[in-house]
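Chemist: attaching a predicted model along with its sequence, questions to come.
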Amino acid sequence: MLVCLLLSSNLQFMSENSTEASLIRPVLNHKALYTAFDVYPTAKGSSTHIHHFAQTLFKKMQGGWLHVLGSPKLAPYQNEQEGIEITRFMPEIPNFLERTQAFGANLLTLLQEQTELEICHFRDPWSGIPILFHQKNQKYLTVFEVNGLPSIELPYRYPKLTESTLQKIRNMEVFCWEKADYLLTPSQTIKENLIRLGAEASKIKVIYNGAEIPQTFEPLAERPKEYILYFGALQAWQGLETLLKAFTYLQDYEYLRLVICSSNRPKFSKYYLKLIEKLGLEDRIIWHYQLHKRELYQWIREAALTVAPLKECSRNLEQGCCPLKILESMALATPVIASDLPAVREIIENQELGILTRPDRPTELARQIRLLLEHPEQRKLMGQKAQAHILQNFTWENKQQELTDFYSEILGKTF
C-alpha cells in the first residue's frame, strides 16, 4: 500500500513538474547514497551530523551521492571533489506532507538511473520508502539512521495533524525499520525506545553524536560583561520557555544577560519575543540567528555557562535524543546545566561533568544557574573535566572511526 501511494504521488508530481529544474540528476554512477529530508547545509545540528556521516560514507566508498532538500540560497547541484555529488530537491511546496511525497517520488525517479549502488544510508521514511522499494530491483545494503521519529515530532510543529495521519506516518516508520538491513541511532535511549516499539534489537547500532574542539579563537568584537547562553533550535521540546522564566529570578545580577543563538530564522522566535515582553526581560535578552559555526563557538567559549533545558515530553522520553548543544559546550570547556533526562545522562555521566536539574521547573533551574555563577572556580574545573570527557569519548574523529568500522563490518558480510 505504501509503495502504491508513493508511485501514485510520483506520477502526479512528475506530470505537474516536468521541467528539468525539478529533477536534478547526478552525473556519475555511484556506489554510495546518503539522503536526508533536510536542507543542507544550515546552522542546525542535523546539518553538522549529516556532514560528518556523509563524508565518512563517501570516504569509505571513494565517492558518493548526497541527496537533500534545497533552498533559494543553495545550488540545486554541486560537484564536489573526489567523486562526490550533491543534488537538492528544490520545489518549495508549502504543505509539509505533500513535499515529503514529492521528495520521495523525485528520489525514486533518480534511483532508476543508479545501477552500481552498494549501500544506501537514509535518515527518514520519506527517503527510506523509495530506497527500499528500489532495492527489490537492485541489491544493495540499506541503513536507516533514526535520529527522530516524525510520528512523535511532527505534532509539536503541526498540532492539527489527525490521529489517522500520524498512524500512516508510524506505519511508514515501521516499514522502514523492518525492511532496512541495519538501523543506526545516536543514543541508547533511542535504541531502547525503538525496541519497545517493535524494532529488532540485533539490527540496531548506537553511534553517538560528536563535537569538535577548535584550536584557534578570535575574541568577540562585542559581548556582554557576563552572559549565559542558549544555542540551538527553538522547537517546544527544547524548553527555552523554562529558561526564560528562570531568568526572571536572576535579575539581581545587574550585568548578566541571556544570549540566544538560534539556528532558526527570526520568524520562528515570535512566540518567545512575546513571552520576553510579557516577562519584562526585553533589555536582558540578546538574539543572534543562524551564526556561522566559528562565530557560534566563540559565543559558547566565552559564556559563563550554557543551558540545555529540555522538556519532559514524548519527544525526549518516548523517542530520545543526543543533544549536540551539550556535546559542543562541553568540548569548548564551558559548563552545562541540562535537564535530567535519560538521554542527557548518557553524556553527562556524573556531577563533575555538568549539572542536571529536573526539567520544566524554572525556579530550580534558576537556583542551579545561581550556584554556578557564584563559584567561578567550580565552573572552570567542571569545564575542563567536561572537555577531557569529550576528547576521550565524543570527538567527531571518534565517531567517524566507529562509523567506518561499522560500514566495513556490514559491507564485509555482503561483498
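Modeler: Yes, it's here. All of these numbers come straight from a predicted model, not from anything done at the bench.
Chemist: distance of the closest residue to residue 389 other than its chain neighbours from residue 326?
Modeler: Among residues not flanking residue 389 along the chain, residue 353 sits closest, at 5.5 Å (C-beta to C-beta, 6 or more residues apart in numbering). Quick note: C-beta positions are derived from backbone N, CA and C, even for glycine. Relative to residue 326, residue 353 is positioned 10 Å away (C-beta to C-beta, to the nearest Å).
Chemist: which one's more surrounded, these two?
Modeler: Set side by side, residue 353 and residue 326 show more neighbours around residue 326, with 29 against 21, by other C-beta atoms under 10 Å.
Chemist: what ranges do the strands span in the stretch 201-350 of the chain?
Modeler: Along the stretch 201-350 of the chain, counting by DSSP state E, counting those that start in this stretch, strands occupy 204-206, 226-232, 256-262, 285-289, 305-308, 336-339.
Chemist: dump the residue contacts of the residue nearest to residue 389.
Modeler: When contacts are counted by C-beta atoms under 8 Å, 6 or more residues apart in numbering, residue 353 touches 330, 347, 382, 385, 386, 389.
Chemist: most neighbours, which of the residues you listed?
Modeler: residue 330 leads the contacts of residue 353 on contacts (other C-beta under 10 Å) with 29 neighbours.
Chemist: which SSE is the closest residue to it other than its chain neighbours in?
Modeler: Spatial nearest neighbour of residue 330, excluding adjacent residues (C-beta to C-beta, 6+ apart): residue 386 at 3.7 Å. Per DSSP states H and E: residue 386 is located in helix 376-393.
Chemist: in the stretch 101-250 of the chain, which spans are helices?
Modeler: 125-134, 150-157, 163-179, 188-197, 240-247 (DSSP state H, counting those that start in this stretch).
Chemist: if you compare the ones you listed, which one is most tucked away?
Modeler: Most buried of these, by mean neighbour count (mean count of other C-beta atoms under 10 Å): helix 125-134, with a mean of 24.
Chemist: and for it, what's in contact with it?
Modeler: By C-beta under 8 Å, 6+ apart, helix 125-134 touches 2-3, 6, 33, 35-37, 67, 100-101, 103-105, 107-108, 111-112, 120, 122, 142, 144, 150, 169, 172-173, 175-176, 179-180.
Chemist: among the residues you listed, name the buried ones.
Modeler: Among these, the ones that count as buried by 16 or more other C-beta atoms under 10 Å are 2, 6, 33, 35-37, 67, 100-101, 103-105, 107-108, 111, 120, 122, 142, 144, 150, 169, 172-173, 175-176, 179-180.
Chemist: what residues are up against the residue nearest to residue 330?
Modeler: Residues in contact with residue 386 (C-beta under 8 Å, 6+ apart) are 329, 330, 331, 333, 335, 336, 353, 354.
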